[in-house]
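Quick one, what's the 3D model for this:
(one chain, ligands or ions: 1)
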Amino acid sequence: MSAIELRALVKRYGAHTALGGERGIDLTVDDGELVAILGPSGAGKTTALTLVAGFEEATSGAVVIGGRDVTRLPAHKRDVGVVFQSYALFPHLTVGENVAFPLRTRRVPRAERRERVARALATVGLPGTEERAPATLSGGQQQRIALARALVFEPRILLLDEPLAALDRRLRDQMQVELRALHRELGVTMLLVTHDQEEALTLSDRLVVLHDGAIAQEGPPAEVYRRPANRFVAEFLGASNLLEHDGGLLLVRPEDVRVSANGAADGSGGSGGSGAEDTGVRALVEDSVFLGSRVVCRLRTEDGRVLLAERPAAEQVPVAGERVRASWDPERTALLTDD
Ligand SMILES: Nc1ncnc2c1ncn2[C@@H]1O[C@H](COP(=O)(O)OP(=O)(O)OP(=O)(O)O)[C@@H](O)[C@H]1O
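Presented below is the predicted three-dimensional model:
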């Protein structure tokens, strides 16, 4: 059964349509799935979550949770846990009291409360912190407490709005891994909102790209990345070379651009050899930027176009001023037609 269903969902604020465009949003999230909603600022991501959570009421359409129409049901009756970017812990309450909060409002008896709080804190890797004040914890720890608070009443669905945005890069990477592990362990359905494409690609089973309140594309992350429906999706998901081709735009991801010394035979080494020579172009290396494990080269083709190539730093990488040949496997490209 599907965990969440959005049916022709629309939210307007006055004359402004925040979500739903002309036809409304249709989206199904399966039981136990982790779906990421990705989009730029103002795309309607938070609006979508607040409608599922019940913090705002839909203008039209329906929200169905576990087969039940909850469109007009208040938030606390929806069996949905929510985690926001700013951990929003109550500063005057201890960690234990913070996590116990949803159990209190649900009138769970004291002894059971204590047990479930301890379990939730252990789940997020912070056992025994009940008596601490939130202010004595790091940002990452506070975010884990917020997660424990959302999990403590064992909701069927967890909504996460930019849950890692306030954390620094290293902690964010670590928490991404932990969130995935938690998702696997608990089997809870997760709907996550982010504007960070890497986070969405890393975390989700399925990706929904929002643009101006409408779904631009949805699908498994690798598929959306490799076969974007249009230019907006292609560029939003990562660096893109877009080349005019037969009345369409040919997408070549920078990591698929091979660079070899000018004039050298291309496609050697048995990498499929499917016509790589046909797509090879001569270019000048304008710049070569070292990124640790990778190097990004900006190439200028003979007809004046810029081409980005991203190569593993372990490879022989060309330097600025070098003349090279750039090529790619046609099978690794996608033709964008609907722009
Ligand atoms: N309470 C509100 N009143 C009026 N307009 C609103 C309200 N909430 C959101 N909007 C508008 O609806 C649109 C979608 O907003 P929303 O917050 O859902 O976008 P978002 O994709 O989450 O963006 P961000 O990544 O910046 O949070 C925006 O144009 C926003 O200004």
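
which residues of the stretch 151-300 of the chain score low on pLDDT?
The stretch 151-300 of the chain contains residues with pLDDT under 70 at 263-279.

Run a quick neighbour tally on the closest residue to the ligand within it.
Using Cβ to the nearest ligand atom, the single residue of the stretch 151-300 of the chain nearest to the ligand is His195, 4.9 Å away. To be clear about C-beta, it is placed using only N, CA and C from the backbone, and glycine gets the same treatment. One way to gauge burial is a neighbour count; for His195, by other Cβ atoms under 10 Å, it gives 18.

List phi and psi for it.
Here is the backbone geometry of His195 (degrees, to the nearest 10): phi -110, psi 0.

how close does it sit to Phe84?
Using Cβ to Cβ, to the nearest Å, one obtains 14 Å as the distance from His195 to Phe84.

likewise Met190?
Relative to Phe84, Met190 is positioned 14 Å away (Cβ to Cβ).

These two: which is more packed in?
The residue with more neighbours, out of Met190 and Phe84 and counting by other Cβ under 10 Å, is Met190; that gives 26 against 19.

For that one, which three-state class applies?
Counting by DSSP: H, G, I helix; E, B strand; the rest coil, the backbone at Met190 sits in strand.

For it, which non-adjacent residue is spatially closest?
Of all residues not flanking Met190 in the chain, Leu34 sits nearest, at 4.5 Å (Cβ to Cβ, 6 or more residues apart in numbering).

burial count for the one you found?
For Leu34, the count of nearby residues is 21 (other Cβ under 10 Å).

Might you report the residue contacts of it?
With contact set as Cβ atoms under 8 Å, 6 or more residues apart in numbering, Leu34 has these partners: 180, 183, 189-190, 192, 203-206.

Quick one: buried ones out of those residues?
The neighbour-count criterion (16 or more other Cβ atoms under 10 Å) marks 180, 183, 189-190, 192, 203-206 among the contacts of Leu34 as buried.

among these, which are in reach of the ligand?
Judged by Cβ under 6 Å from any ligand atom, the overlap between the buried ones among the contacts of Leu34 and the neighbourhood of the ligand is nil.

tell me the contacts of the residue nearest the centre of the chain?
Per Cα atoms, centre = their mean, the C-alpha nearest to the average position across the chain is that of Ala200, at 1.6 Å. For Ala200, the contacting residues are 36, 38, 192, 194, 207, 221, by Cβ under 8 Å, 6+ apart.
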